[in-house]
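Peer 1: coords please:
(chains A and B, ligands or ions: 3)
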Amino acid sequence: MKKKIVKLDINNHVYEVLVSATDLLVDVIRKQIGLTGTKKGCGQGDCGACTVLVDGEAQLSCLMLAIACEGKKITTIEGIANQETGELHPLQQAFLDHGAVQCGFCTPGMVLSSKALVDNNPTPTEEEIKHALEGNLCRCTGYVLILEAVESYVDSLAKGEV
Amino acid sequence: MNILHDFEYFKPGNKKEALELVKKYGNKAKVLAGGTDLVIMMKEKMIKPDYVIDISDLNELKGITYEEGKGAEVYACTKVADIESSEDLKRKYPALAYAASQLGSHQVRVMATMGGNCCHSSPAAETPAPLSALGAKVVIASLEGEREMPIEDFIQGNRRNDLKEGEILYKFKLPEPEKNSACRYGHIGLRDAMEIDCANMAANIQLEDDKETIKKVKLVMGSVAIKPLISKAVPALLEGKKLTEELIEKTGEAAQGEAKPISDVRASAEYRKDVIAALARRLVKEAYEAAKEA
Ligand SMILES: Cc1cc2nc3c(=O)[nH]c(=O)nc-3n(C[C@H](O)[C@H](O)[C@H](O)COP(=O)(O)OP(=O)(O)OC[C@H]3O[C@@H](n4cnc5c(N)ncnc54)[C@H](O)[C@@H]3O)c2cc1C
Ligand code: FES
Ligand code: FES
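Peer 2: Ligands and ions are numbered 1, 2, ... in the order given. All right, here's what the predicted structure looks like:
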């Protein structure tokens, strides 16, 4: 299997990784780069655990070839907290404050899908939040707390608190 | 299961280069657009192309244009999410924009393309039925030139279409909607999100100038045959008439009579037949009401 050095811009850091054409982005992020916040659930596009932001849009790293991501900006869950202070992103904090995290397996994907939504549309309706999160499955929280967490972040954004 | 077989990856820089690669490698190659079908098929070892030609970032294959009176062009690699949110498409072709919004999940829509949806040619796919009801044509490109045909002739059966070696799907052409017409799309699945439709349907109705008599109907059913099924019975029943409650009932029966669904994990054939009748009644009524306002 022929390998090639590929430059991947992940969380504003350019990583040079040796990949073959068949390596999936999720595996490269987890195993080669060591950022294990991105989860691998179904591997079929169904659960959303592997969601990362690619050029600001929530996409599924289990269905992407790493080699196809050269030149794109990738953000994982590790990249949204304040890199210097380590302070959580207010959306992450809202998930904690609302009990929207239990086992945590879905959480990185949920947070990144919510972030992509609110970055594009800072005042989403409840329906719009549900539509944006329909590809993220949670086995623990029952979704209500997740919805509340996102709504509270939207509220504090509108009030200029975050 | 998640390990892909070995293949060589190409990322051509423009359409011409893409066509050269497609021609050179013929049926040993597969084109990659969003990958939401292709990568899964490769993971499941349903296909093992030796070469993968990534056309997802080619600007020549992306975008939506609309010109009043002339209609729209949607390039093959336009993301389903962009079709869902296009103001022009929402205004002029709401059935298509709505169908796009119902495909998969947000992440899938951001990655998936309409070209991929039609080239995958699944009987349950979301966009072929509204495209067909709206009279869309596909434009197919190769190094030799372009050819075009109605979407319903392009899709020939489950995962079968009219693409020949050396060709790619280039764009979709949507005619300007007829005067006094409206098209509506609906689907039924096991749950609201992420399901594969057990049946879908699009109905396009054009009224005479009196805005009551039905001039033309095109009703297309998805997921109940190997390819989008265009009703013959419903136009025969409705054209030249004003819509009544009785005709709505008969419309359901007529569509049901034509559907040839199968039973599978998602639904029994019997249930699909019931659903087809319900969809036909609902969509014909909705499209008729909308056409009156058009
Ligand atoms: C979780 C999940 C849920 C889904 N839900 C739905 C759903 O609800 N409804 C639905 O309809 N689909 C659904 N899909 C299927 C899929 O997302 C769509 O069919 C999608 O539109 C395919 O587009 P793509 O760009 O990803 O295609 P790809 O996977 O890149 O390609 C699909 C096929 O088309 C060929 N191809 C692509 N573009 C071209 C071109 N321009 N010229 C020639 N050949 C081409 C490829 O070679 C391949 O054979 C779902 C998929 C997933 C993973
Ligand atoms: S692991 Fe990618 S969607 Fe489940
Ligand atoms: S918190 Fe456990 S899956 Fe969502």
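Peer 1: now the strands for the chain?
Peer 2: Went with chain A since none was named. A:3-10, A:13-20, A:51-54, A:57-60, A:73-75 (DSSP state E).
Peer 1: not what I meant, chain B
Peer 2: B:8-10, B:29-32, B:51-54, B:64-67, B:71-75, B:137-142, B:145-150, B:155-157, B:160-161, B:168-174, B:181-188, B:199-207, B:214-222, B:229-230.
Peer 1: tell me which of these sits most buried.
Peer 2: Among the strands of chain B, the stretch with the highest mean neighbour count (mean count of other CB atoms under 10 Å in any protein chain shown) is strand B:199-207, at a mean of 28. C-beta coordinates here come from the backbone N, C-alpha and C atoms, glycine included.
Peer 1: elements contacting it?
Peer 2: helix B:94-101, helix B:128-133, strand B:181-188, strand B:214-222, helix B:269-293 (3 or more CB pairs under 8 Å, 6 or more residues apart in numbering or on different chains; DSSP states H and E).
Peer 1: which of the ones you listed sits closest to chain A?
Peer 2: Checking the helices and strands packed on strand B:199-207 against chain A by CB to the nearest CB gives helix B:94-101 as the closest, at 7.6 Å.
Peer 1: right, is that closest one up against ligand 1?
Peer 2: No - using CB under 6 Å from any ligand atom, helix B:94-101 never reaches ligand 1; the gap is at least 8.4 Å.
Peer 1: in chain B, what residue lies closest to ligand 2?
Peer 2: Ligand 2 sits closest to residue B:107 of chain B, with a gap of 7.4 Å, by CB to the nearest ligand atom.
Peer 1: contacts only, for that residue.
Peer 2: A:45, A:48, A:51, A:58, A:59, A:60, A:113, A:135 (CB atoms under 8 Å, 6 or more residues apart in numbering or on different chains).
Peer 1: before we move on, what about residue B:291?
Peer 2: Counting by CB under 8 Å, 6+ apart, residue B:291 has contacts B:180, B:181, B:182, B:205, B:206, B:207, B:211.
Peer 1: identify whichever of the strands of chain A lies nearest to ligand 1.
Peer 2: Closest among the strands of chain A, using CB to the nearest ligand atom: strand A:57-60, at 7.5 Å.
Peer 1: can the closest one be said to contact chain B?
Peer 2: Yes - under the criterion of CB under 8 Å from any CB of the partner chain, chain B is reached by strand A:57-60 at A:57, A:58, A:59, A:60.
Peer 1: reformat those as a markdown table; add neighbour count.
Peer 2: A markdown table is the format used below for the residues of strand A:57-60 next to chain B (neighbours: other CB atoms under 10 Å in any protein chain shown):
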| residue | neighbour count |
| --- | --- |
| A:57 | 20 |
| A:58 | 30 |
| A:59 | 28 |
| A:60 | 33 |
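Peer 1: which stretches of chain B have low pLDDT?
Peer 2: By pLDDT under 70, the low-scoring segments of chain B are B:1-2, B:190-196.
Peer 1: get me the contact residues on it for ligand 1.
Peer 2: Residues of chain B lying near ligand 1 (CB under 6 Å from any ligand atom): B:30-38, B:40, B:76, B:80, B:103-104, B:108, B:111-113, B:115-117, B:119-120, B:125-126, B:163, B:168-169, B:194, B:196.
Peer 1: which of the residues you listed fall in helices?
Peer 2: Among the residues of chain B next to ligand 1, DSSP state H puts B:38, B:40, B:80, B:108, B:111, B:115, B:116, B:117, B:119, B:120 in helices.
Peer 1: run a quick neighbour tally on residue 121.
Peer 2: Using chain A. By the criterion of other CB atoms under 10 Å in any protein chain shown, residue A:121 has 13 neighbours.
Peer 1: the intended chain is chain B.
Peer 2: 22.
Peer 1: returning to that earlier point: for the contacts of residue B:107, work out which two are farthest apart.
Peer 2: A:45 and A:113 (13.4 Å; CB to CB).
Peer 1: anything in contact with each of those two?
Peer 2: Listed contacts common to residue A:45 and residue A:113 are A:135, B:107; contacts here mean CB under 8 Å, 6+ apart.
Peer 1: more crowded one of these two?
Peer 2: Between residue A:45 and residue A:113, counted using other CB under 10 Å, residue A:113 has the larger neighbour count: 27 against 23.
Peer 1: show me what from chain A comes close to chain B.
Peer 2: Contact residues (CB under 8 Å from any CB) of chain A with chain B: A:1-2, A:20-22, A:24, A:43-46, A:48, A:51, A:57-60, A:62-65, A:67-68, A:113, A:116-117, A:131-136.
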